[in-house]
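Chemist: give me the fold of what follows.
(6 chains)
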Number of protein chains: 4
Amino acid sequence: MNGTTNKVLLIGNLGDDLKLHHFDEQNCIGRFPIATTESYISRTGERITETEWHNIVTRNKLAELCDRYLKKGDKVFVEGRIKTRKWDDNGQTRYTTEIVANSIEFLTPKVENEHRQNTQSDQNKTNQSQNTTVVDPPFLAEGEDDLPF
Amino acid sequence: MNGTTNKVLLIGNLGDDLKLHHFDEQNCIGRFPIATTESYISRTGERITETEWHNIVTRNKLAELCDRYLKKGDKVFVEGRIKTRKWDDNGQTRYTTEIVANSIEFLTPKVENEHRQNTQSDQNKTNQSQNTTVVDPPFLAEGEDDLPF
Amino acid sequence: MNGTTNKVLLIGNLGDDLKLHHFDEQNCIGRFPIATTESYISRTGERITETEWHNIVTRNKLAELCDRYLKKGDKVFVEGRIKTRKWDDNGQTRYTTEIVANSIEFLTPKVENEHRQNTQSDQNKTNQSQNTTVVDPPFLAEGEDDLPF
Amino acid sequence: MNGTTNKVLLIGNLGDDLKLHHFDEQNCIGRFPIATTESYISRTGERITETEWHNIVTRNKLAELCDRYLKKGDKVFVEGRIKTRKWDDNGQTRYTTEIVANSIEFLTPKVENEHRQNTQSDQNKTNQSQNTTVVDPPFLAEGEDDLPF
DNA sequence: TTTT
DNA sequence: TTTT
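Modeler: Below you'll find the model as predicted:
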């Protein structure tokens, strides 16, 4: 547009299940945190591990797919952009930085029959894994339209 | 290390000159803001332009190079990682998100003799551009050691 | 989709003008080479500079924009994917690797009135630069529809 | 360095085991292919799946780590740069494009005791998976020095 | 030649 | 709050 770019690429694990908020039949927003960790040897010779937390924001179809297929602990690849939001904290302006996802790849191999059905209740979200056939999760970039919901 | 990645790629313009802070002879930290802008057509048909500000943090040789060659308005390509810092605001914990740069490319073509000398005062930082030969700016990734300072 | 990603990010200079090929009124393809250079100090202490050439492929509106606004020597940021094409060389199968662009940012500042008009002939493609007001070049990602041609 | 960048980010699966070539005690090179797949709905309404093959090149410690921990079918995240090599094909100059890896993340969860030992023969490279404790593979960027070999 |  |  104007010779600028704002691009973020993260591979990390969900620290919690996605929270989905529906505005109406068509529009929803989903949020979940992911952790990335960095490890290095300090000047004094000890191994330091630093964890960074990222707030992922996703919308509409992509949000619904994530809600259906992702759960706490899963690994994802997120491609998106940095967005800092203003909010009012009792009269004080605060800022929160989020990652608005353009696409999300599901990197944790899924065990068949483990996928949540639309009609299942949330308690099925925990990992039961009675069966062992590993299958690929689907994927949907924002704006695509070819998945059945 | 652990199957995670935290990578940011930004192309934007400096909203202000770099602020350099020296800890000692060897170690310093530089900070500057860059803006990225996104433009799109809204549902109601108007063009929306959104500007995002990013706080860039750079250290040591790379910070000194940026201090010497970059000024407000210049365009850069920053490759780095997201880091959210905690700080104490009168007893309240606040968070600030920064981009820690691994490498910075200078994208604004330089006009010869315009480069600041170490001995020049800051008022020379404004763009005078009497001469017109375009030269390549130098570049240094963190950890490299082959530039003469 | 399937837990894979193929992403390329290049900043480089056009080694030649774009070649545009129209299939019909709607569809066209544009190609141009860009160079990236890497510089490092070898084990024997000399500075080595290596240039890499990348064949950029772009389609339809984005190709037309590039054809109109880019020329040899200009700097661009290309975001795309790697694609290796098979072709027949007198009965032998050969392979050519190209970068299929999703988006292209124009990083060379433009001087006003320098932009080529549709009705201008190609000899106007050389840089005349009589005027000096720097303006922002436009940008269009593949699939966008809001620019006037 | 000069305002250019050559960056590739791939997530894909190994189509074959790594081939390691030792030049001497210190220096070696490893090569392996990875596949990325793209899927989309064509104009005629059918789902098209396209596979792209990438030749990954890695050196020294990173190559040895990959040789030890990766095998055909595993998923990796590769960050590197595009490099096109010339070679002589009976007097004709041919070109091969490779991805020179700067860092590789191992994304396939490992089952404990499955890791190959230095003293194991290659036939142990096939996936036996008698045990079930999932452990993280190590990771080493080129130039790091903190792993025990 | 991979993966789903 | 994740993951190894």
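Chemist: who's in contact with residue A:51?
Modeler: Going by CB atoms under 8 Å, 6 or more residues apart in numbering or on different chains, residue A:51 touches A:35, A:36, A:37. Yep, even glycine has a C-beta here, placed from its N, CA and C like the rest.
Chemist: from DNA strand F, how far out is it?
Modeler: Residue A:51 is 4 Å from DNA strand F, where distance means CB to the nearest atom of the strand, to the nearest Å.
Chemist: so what's that residue bridging to?
Modeler: Residue A:51 has these beta-bridge partners by DSSP bridges: residue A:37.
Chemist: quick one: residue A:107 and residue C:102, what's the gap?
Modeler: As judged by CB to CB, to the nearest Å, residue A:107 and residue C:102 stand 22 Å apart.
Chemist: I meant to write residue A:45 there.
Modeler: 45 Å.
Chemist: more neighbours: which of those two?
Modeler: residue C:102 (16 against 7; other CB atoms under 10 Å in any protein chain shown).
Chemist: does the more buried one touch residue C:59 like I think?
Modeler: No: using CB atoms under 8 Å, residue C:102 makes no contact with residue C:59, being 10.3 Å away.
Chemist: beta partners of residue A:100?
Modeler: residue A:57, residue A:81.
Chemist: what's the closest of the contacts of residue A:51 to residue D:76?
Modeler: residue A:36 (16.8 Å; CB to CB).
Chemist: the closest one: neighbour count?
Modeler: 22.
Chemist: what's the following helix or strand after the host helix or strand of residue A:98?
Modeler: Taking DSSP states H and E as the definition, residue A:98 sits inside strand A:92-106. Proceeding N to C from strand A:92-106, the next assigned helix or strand is strand A:110-111, under DSSP H and E.
Chemist: let me know whether that following strand sits next to chain D.
Modeler: No: Strand A:110-111 stays clear of chain D (CB under 8 Å from any CB of the partner chain), getting no nearer than 12.1 Å.
Chemist: and that strand, what's its mean pLDDT?
Modeler: The pLDDT scores in strand A:110-111 average 75.
Chemist: all helices for chain A, in order.
Modeler: Applying DSSP state H to chain A gives helices spanning A:60-69.
Chemist: not counting its neighbours along the chain, what's nearest residue A:7?
Modeler: Excluding its sequence neighbours, the residue lying closest to residue A:7 (CB to CB, 6 or more residues apart in numbering or on different chains) is residue B:9, at 4.5 Å.
Chemist: contacts only, for the one you found.
Modeler: Residue B:9 neighbours (CB under 8 Å, 6+ apart): A:5, A:7, A:8, A:9, B:77, B:78, B:79, C:9, D:7.
Chemist: what bridges to it?
Modeler: Where residue B:9 sits in a bridge, its partners, by DSSP bridges, are residue A:7, residue B:79.
Chemist: for residue A:5, see how far away it is.
Modeler: Residue B:9 is 7 Å from residue A:5, by CB to CB.
Chemist: intersection of neighbour lists for these two?
Modeler: Common neighbours of residue B:9 and residue A:5 (CB under 8 Å, 6+ apart) do not exist.
Chemist: counting neighbours, what do you get for the closest residue to residue A:85 other than its chain neighbours?
Modeler: Of all residues not flanking residue A:85 in the chain, residue A:96 sits nearest, at 5.0 Å (CB to CB, 6+ apart). Residue A:96 has 13 neighbours, counted by other CB under 10 Å.
Chemist: residues touching residue A:96, list them.
Modeler: Shown in contact with residue A:96 (CB under 8 Å, 6+ apart): A:55, A:84, A:85, A:87, B:95.
Chemist: which of those residues fall within strands?
Modeler: Mapping the contacts of residue A:96 onto strands (DSSP state E) picks out A:55, A:84, A:85, A:87, B:95.
Chemist: wait, the second one touches residue B:55, no?
Modeler: Think residue A:84. No: applying CB under 8 Å, one finds residue A:84 not in contact with residue B:55, separated by 9.6 Å.
Chemist: between those two, what contacts are shared?
Modeler: residue B:97.
Chemist: still on that earlier bit, report the rounded mean pLDDT for the strand holding residue A:98.
Modeler: Here the average pLDDT along strand A:92-106 is 95.
Chemist: could you list the buried residues of that strand?
Modeler: A:97, A:98, A:99, A:100, A:101, A:102, A:103, A:104, A:105, A:106 (16 or more other CB atoms under 10 Å in any protein chain shown).
Chemist: which strand residues bridge the last one?
Modeler: It refers to residue A:106. residue A:76.
Chemist: now it: how far from residue A:76?
Modeler: For residue A:106, the distance to residue A:76 - CB to CB - is 6 Å.
Chemist: who touches both of these two?
Modeler: residue A:70.
Chemist: please tell me how far the closest residue to residue A:10 other than its chain neighbours sits from residue A:107.
Modeler: Nearest non-adjacent residue to residue A:10, counting by CB to CB, 6+ apart: residue A:78, 4.6 Å away. Using CB to CB, residue A:78 is found at 10 Å from residue A:107.
Chemist: tell me, what's touching the two both at once?
Modeler: Contact criterion CB under 8 Å, 6+ apart; residues shared by residue A:78 and residue A:107: residue A:11.
Chemist: re earlier: closest one of the contacts of residue A:96 to residue A:66?
Modeler: Nearest member of the contacts of residue A:96 to residue A:66, counting by CB to CB, is residue A:55, at 13.5 Å.
Chemist: which residues sit in contact with that closest one?
Modeler: Applying CB under 8 Å, 6+ apart, the residues near residue A:55 are A:31, A:32, A:33, A:96, A:97, A:98, A:99.
Chemist: do stretch A:14-32 and DNA strand F come into contact?
Modeler: Yes: part of stretch A:14-32 sits near DNA strand F under the criterion CB under 7 Å from any atom of the strand, namely A:14, A:15, A:16.
Chemist: got a winner among these for most neighbours?
Modeler: Busiest of these [other CB under 10 Å] is residue A:14, holding 20 neighbours.
Chemist: that one and residue A:76 touch, don't they?
Modeler: Yes: shown here, residue A:14 and residue A:76 form a contact pair, counting by CB under 8 Å, at 6.9 Å.
Chemist: hey, what's in contact with both of these two?
Modeler: Common neighbours of residue A:14 and residue A:76 (CB under 8 Å, 6+ apart) are A:34, A:70.
Chemist: what does the pLDDT read for residue A:135?
Modeler: pLDDT at residue A:135 comes out at 45.
Chemist: please apply the same query to residue A:144.
Modeler: So, for residue A:144, pLDDT stands at 44.
Chemist: before we move on, what about residue A:89?
Modeler: pLDDT recorded at residue A:89 is 88.
Chemist: any idea how far chain B is from it?
Modeler: 9 Å (CB to the nearest CB, to the nearest Å).
Chemist: in the sheet, who's paired with that residue?
Modeler: Applying DSSP bridges, one finds that residue A:89 bridges with residue A:92.
Chemist: look up how far DNA strand E lies from it.
Modeler: 45 Å.
Chemist: ok, that residue - how many residues close by?
Modeler: A total of 9 residues lie near residue A:89 under the criterion other CB under 10 Å.
Chemist: so it versus chain C, what's the distance?
Modeler: Distance from residue A:89 to chain C, by CB to the nearest CB: 36 Å.
Chemist: how close does residue A:79 sit to chain B?
Modeler: 10 Å.
Chemist: what does chain A have sitting close to DNA strand F?
Modeler: Near DNA strand F, when you scan chain A using CB under 7 Å from any atom of the strand, you find A:12-16, A:33, A:35, A:37, A:51, A:53, A:72-73, A:75.
Chemist: if we go to 6 Å?
Modeler: Proximity of chain A to DNA strand F (CB under 6 Å from any atom of the strand) is limited to residues A:13, A:15, A:16, A:33, A:35, A:37, A:51, A:53, A:72, A:73.
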